[in-house]
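Enquirer: Based on what follows, work out the 3D shape:
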Amino acid sequence: MKLHCEVEVIHRHLPTLGLRNTGKGVRAVLSLCPSRPHARGEPSSPPTACLLISTMKDRRGTRYQLKGNIEQFFIKFVDEGKATVRLKEPPVDICLSKANSGSLKDFLSAVRLTHRGCDINAPLSTLTPVKTSEFEKFKTKMVITSKKDYPLSKSFPYSLEHLQASYCGLVRVDMRMLCLRKLKKLDLSHNHIKKLPATIGDLIQLQELHLNDNHLESFNVALCRSTLQKSLRSLDLSKNKIKALPVQFCQLQELTDLKLDDNELVQFPFKIGQLTNLRFLSAARNKLSCLPSEFKNLSLEYLDLFGNTFEQPKVLPVIKLQVPLTLLESSARTILNNGIPYGSHRIPFHLCQDLDTAKTCVCGRFCLNSFIEGTTNMNLHSVAHTVVLVDNMGSTEAPIISYFCSLACYVNSSDMLK
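Expert: Residues are numbered from 1 along each chain as shown. Now for the predicted structure:
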C-alpha cells in the first residue's frame, strides 16, 4: 500500500536544543511494509507493518514502527490532502500534504489499524528501493530547452503544474500537453507554432501562457470564450506575426499582464477597456496608427507603446450620422443603453455580432452605424503610472479615437478635439 505526497518530518525536541527544522516538505512515496521478513520455520502470523518514507535522495527510505507507537492523528484538513501523524518514538511529527484526499484517508485508516495491531486487509509493499519512475509520475515542474530532450516515446507526468518546452522546433501544440489538467503555467516560447488549438481552453487552471517567438498570425476566438476567461492572468504573444486580435479577446478579463511586442498589430481590440484587471501592457514595435476610444478606461501600472506608426490626429471629423435613425440603429441603442440581455438563442447571430461591435460614445451611450468619429492626442500618463516614451522625441502622447452618438454630443465635447 502506497501514498504519493509531500512529507516533512519535524523532530519535536530540536527547538529545546536550539535547532530548527527545515520547514519544507519534499516529494515522497509512503509505503506500509513488513517490519521484518518471516524467518524459516516461523508461523505465518499476520506481519506487523512499519511506515517507510522514500524520497528521491533516499530511495531506500526511512522506517518508522507503527504498532502502539502513534500518539495522535491530526486530520482537520484531510479533505485538502493534508494530515499529520505524531509518533512516540522517535518523537517526530510526520506532516503530509499535497496528497489525493481519498488516497490519504485510506492510507491513514490502514496506519490506524496497524497502530492497533489489527490486520489491514491490504497487501504490504516490499522493502526494495522505490524506482525513480515513481517520482517522475508526480513531478510538478518540467523544463525542456532543446529538441533532443523532448519526450517522444513517453507521456508527460500528469501532475505537472509548470511545463516549459522551448527551442524544441514545435510546429504545433502537442496534444499530450492538453491532457495536463493541473497545468498552471505553459511556456512554448521560441518554437515554430503557427496555430493555437481551441482545446488549450480545456486547461481549467492555466494562469500563464507564454507563446513568444513563434509564427502565430492570429489568436483563436474559441480561447476567448473558454475557461481561460476566469483563469488566465499572464499572456505573452510577443515576436509573432499577429495583425489583429479578435474583439472577443477582451473577454479574458482576468488578464493582468499582456505582452504584444514585435508583431504586426494595426489596431487594438476596440473594447480593450473591458480588461479592467490589466496592469502591465507592452505592445512596442507594431504598426498601431491610433488607439481605440475605450483605451482611456484602462488603469495600468506599466505601458510601452514605443516604435509604433502613430498618425497625427485628423483635423476634420468623420461624420456618419443617419437622420432619422434606422430601425436597426434605434433598436440596437435601446438594447445596449438599457443593458437588455441578448444572445443567439434570442436574436439572429449576425445581429449579436453587430451589438458586440457597437461603439461607445463619450457620453457613455452606444451607437452602431450612426456616429461622428474624431481623433485627438491623449497623454498616456492618464492611463498608466509608468510610460515608456512613444518615440525618440520624448513624447508620451498618442492619438485616440473618440465617437459621438449625436451632433449634440459632438458640440458639447468639441473642446476635447481641439
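Enquirer: CA only for contacts and neighbour counts going forward, please
Expert: OK.
Enquirer: Pull up the distance across stretch 309-323, start to finish.
Expert: The straight-line separation of the ends of stretch 309-323 (CA to CA, to the nearest Å) is 36 Å.
Enquirer: which residues are contacting it?
Expert: 286-290, 369-377, 398-400, 406 (CA atoms under 8 Å, 6 or more residues apart in numbering).
Enquirer: Now, of those residues, which are buried?
Expert: 286-290, 369-377, 398-400, 406 (16 or more other CA atoms under 10 Å).
Enquirer: Please flag which of these sit within strands.
Expert: The strands, defined by DSSP state E, take in 372, 373, 374, 375, 376, 377, 398, 399, 400 from the buried ones among the contacts of stretch 309-323.
Enquirer: Tell me the secondary structure of residue 111, please.
Expert: Following DSSP: H, G, I helix; E, B strand; the rest coil, residue 111 is assigned to helix.
Enquirer: re the thing from before, can you pick out the most distant pair from the ones in strands among the buried ones among the contacts of stretch 309-323?
Expert: Pairwise distances across those (CA to CA) peak at 19.9 Å, for the pair 372 and 398.
Enquirer: Check what pLDDT the nearest residue to residue 110 once chain neighbours are set aside gets.
Expert: Spatial nearest neighbour of residue 110, chain neighbours left out: residue 120 (5.6 Å); criterion: CA to CA, 6 or more residues apart in numbering. Confidence at residue 120, expressed as pLDDT, is 70.
Enquirer: Starting from residue 30, give me the distance back to residue 120.
Expert: Applying CA to CA to residue 120 and residue 30 gives a distance of 16 Å.
Enquirer: higher neighbour count, the two?
Expert: residue 30 (25 against 18; other CA atoms under 10 Å).
Enquirer: Sheet partners, orientation included, of the host helix or strand of the more buried one?
Expert: Assigned by DSSP states H and E, residue 30 belongs to strand 26-34. Strand pairing for strand 26-34, determined by DSSP bridges: strand 2-11 (antiparallel), strand 49-55 (antiparallel).
Enquirer: How far away from the center of its chain is the longest one?
Expert: Taking the mean C-alpha point of strand 2-11 and that of its whole chain, the gap between them comes to 28 Å (CA atoms, centre = their mean, to the nearest Å).
Enquirer: Tell me which residues are up against it.
Expert: By CA under 8 Å, 6+ apart, strand 2-11 touches 21, 23-32, 91-100, 103-104, 107, 125, 138.
Enquirer: Same question for stretch 352-364.
Expert: 247, 293-294, 332, 336, 342-344, 366-368, 402-405, 409, 413.
Enquirer: For that stretch, measure first residue to last.
Expert: The straight-line separation of the ends of stretch 352-364 (CA to CA) is 20 Å.
Enquirer: Quick one: mean pLDDT over that stretch.
Expert: Mean pLDDT, stretch 352-364: 86.
Enquirer: next one: stretch 54-72
Expert: The average pLDDT within stretch 54-72 is 87.
Enquirer: That stretch: which residues count as buried?
Expert: Applying 16+ other CA under 10 Å to stretch 54-72 flags 54-56, 59-61, 63-67, 69-70 as buried.
Enquirer: Any idea how far apart the tips of that stretch sit?
Expert: 22 Å.
Enquirer: How far away from the center of its chain is it?
Expert: Relative to its parent chain, stretch 54-72 has a centroid offset of 37 Å by CA atoms, centre = their mean.
Enquirer: go on, stretch 246-254?
Expert: 15 Å.
Enquirer: got the CA positions of that stretch in CSV?
Expert: C-alpha atoms of stretch 246-254 as CSV (Å, rounded to 0.1, in the frame of the first residue of the first chain):
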residue,chain,number,x,y,z
PRO,A,246,-10.5,39.5,-32.1
VAL,A,247,-13.0,41.7,-30.3
GLN,A,248,-13.7,38.6,-28.1
PHE,A,249,-10.2,38.8,-26.8
CYS,A,250,-11.4,41.4,-24.3
GLN,A,251,-13.4,38.6,-22.6
LEU,A,252,-10.2,37.4,-21.0
GLN,A,253,-11.0,39.8,-18.1
GLU,A,254,-8.6,38.2,-15.5
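Enquirer: can you list contacts of it?
Expert: Contacts of stretch 246-254 (CA under 8 Å, 6+ apart): 219, 221, 224-225, 228-233, 269-278, 357.
Enquirer: ok so, going back, show the average pLDDT along the strand holding residue 30.
Expert: 84.
Enquirer: All further residue positions should be reported with the first residue as 43.
Expert: Understood, numbering begins at 43; the last thing we discussed is strand 68-76.
Enquirer: picking up where we left off before, counting neighbours, which of the contacts of stretch 394-406 end up buried?
Expert: 289, 335-336, 374, 378, 408-410, 444-447, 451.
Enquirer: Helices - which of these land there?
Expert: 374, 378, 451 (DSSP state H).
Enquirer: just curious, which of those residues is nearest to residue 227?
Expert: Using CA to CA, these come closest to residue 227 at residue 378, 37.0 Å.
Enquirer: can you tell me how far the closest one sits from residue 443?
Expert: 20 Å.
Enquirer: Same check on residue 265?
Expert: Distance from residue 265 to residue 443, by CA to CA: 28 Å.
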